[in-house]
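1. what would the 3D arrangement of this be:
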Amino acid sequence: MSFFEEQCPEMDRYLENNASQEPEHLKRLRRETYHKTTQPHMLSGYQQGRLLTIISKMMSPRNVLEIGTFTGYATLCLAEGLVPDGKITTLDVNDELAYIPGKYFEESPHSAKINFIIQDALDYLEQTDEFFDLVFIDADKENYVSYWNLIKPRLRSGSVVLLDNVLWYGKVLADGPVDEATRQIIELNDLVARDSDFENLILPLRDGINLIRKK
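-> Residues are numbered from 1 along each chain as shown. Below is the predicted model:
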């Protein structure tokens, strides 16, 4: 849940009521996430999910990378826009929760396009030689700068990166010492804004999404 959602739940409900409906399997996944996990706020959720779907459908990507699967909600949203022979690789290290996304991936119409891997994302990025059209990063904030530095060489002109939680509950405005996660996010936002190879805009949706395009 974002700071905005906490401060103005009525507006949040209005935004959801005036957005496209999510598919039925995502409704079920959202309910199960709230019933069976201890941190359901980590779910991308309705509004962000529709944004991911629209961006993916606009781009029609062939190769998508997601860092941070959780229960697979964002994965399924991103998969909606893949070209017929496209794929999405989604990475996570939590094998205890893997049964939830695994179940919904198998049930979805995009199951053949989803490559679900339990592996540290830093190790994966250091080993892969793939290039990605669309990347969504929503994982441990302490490694955000490392993820960014490793993903940049794996992008082509026109590739898009979405970085979640870049407002970090307003902590990016902190005046004084900050924790490591906040420091990483502040540094990342600054690195992206100053990189002449990219253009970006931070969207104040939920906890902030940095929308980045390689020139």
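2. please enumerate the helices of the protein.
-> 3-7, 9-17, 24-36, 45-59, 73-79, 99-107, 121-127, 144-151, 180-194 (DSSP state H).
3. could you report the neighbour count for His35?
-> By other C-beta atoms under 10 Å, the residues close to His35 number 8. Every C-beta, even on glycine, is put in place using the N, C-alpha and C of the backbone.
4. that older thread, next, format the helices of the chain as a markdown table and append distance to Pro204 and mean pLDDT.
-> Converted to a markdown table, the helices of the chain look like this (distance: least, C-beta to C-beta, whole Å; pLDDT from 0 to 100):
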| stretch | distance to Pro204 | mean pLDDT |
| --- | --- | --- |
| helix 3-7 | 7 | 54 |
| helix 9-17 | 12 | 85 |
| helix 24-36 | 22 | 94 |
| helix 45-59 | 12 | 95 |
| helix 73-79 | 18 | 98 |
| helix 99-107 | 28 | 96 |
| helix 121-127 | 26 | 98 |
| helix 144-151 | 18 | 98 |
| helix 180-194 | 13 | 96 |
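5. of those helices, which is nearest Ser157?
-> Smallest distance to Ser157 across those (C-beta to C-beta): 13.1 Å, for helix 45-59.
6. which strands and helices lie in contact with the closest one?
-> Using 3 or more C-beta pairs under 8 Å, 6 or more residues apart in numbering; DSSP states H and E as the contact criterion, the elements in contact with helix 45-59 are helix 9-17, helix 24-36, helix 73-79, strand 132-137, strand 155-164.
7. ok, residues contacting stretch 44-58?
-> 12, 15-16, 19-20, 22, 26, 30, 64, 70, 73-74, 77-82, 134, 136, 138, 160, 162, 164, 203, 205-206, 209 (C-beta atoms under 8 Å, 6 or more residues apart in numbering).
8. of the residues you listed, buried ones?
-> Burial by neighbour count, judged by 16 or more other C-beta atoms under 10 Å, picks out 12, 15, 22, 26, 30, 64, 70, 73-74, 77-82, 134, 136, 138, 160, 162, 164, 205-206, 209 from the contacts of stretch 44-58.
9. tell me which residue lies farthest from the centre of the protein.
-> The outermost residue of the chain relative to its centre, with distances by C-alpha atoms, centre = their mean, is Gly176 at 28.5 Å.
10. distance of it from Glu187?
-> 16 Å (C-beta to C-beta, to the nearest Å).
11. before we move on, back to that, among the helices and strands packed on helix 45-59, which is nearest Val93?
-> Between Val93 and the helices and strands packed on helix 45-59, the shortest gap by C-beta to C-beta is with strand 132-137, which sits at 14.1 Å.
12. other SSEs contacting the closest one?
-> Packed against strand 132-137, as judged by 3+ C-beta pairs under 8 Å, 6+ apart, are the following elements: helix 45-59, strand 63-67, helix 73-79, helix 144-151, strand 155-164.
13. adjacent strands (with direction) for it?
-> The pairing partners recorded for strand 132-137 under DSSP bridges are strand 63-67 (parallel), strand 155-164 (parallel).
14. which one of those strands lies closest to Val172?
-> Among the strands paired with strand 132-137, strand 155-164 comes nearest to Val172, with 12.4 Å by C-beta to C-beta.
15. now do the contacts for Phe198.
-> Residues in contact with Phe198 (C-beta under 8 Å, 6+ apart) are 192, 212-215.
16. for Leu173, same thing?
-> Applying C-beta under 8 Å, 6+ apart to Leu173 gives no contacts.
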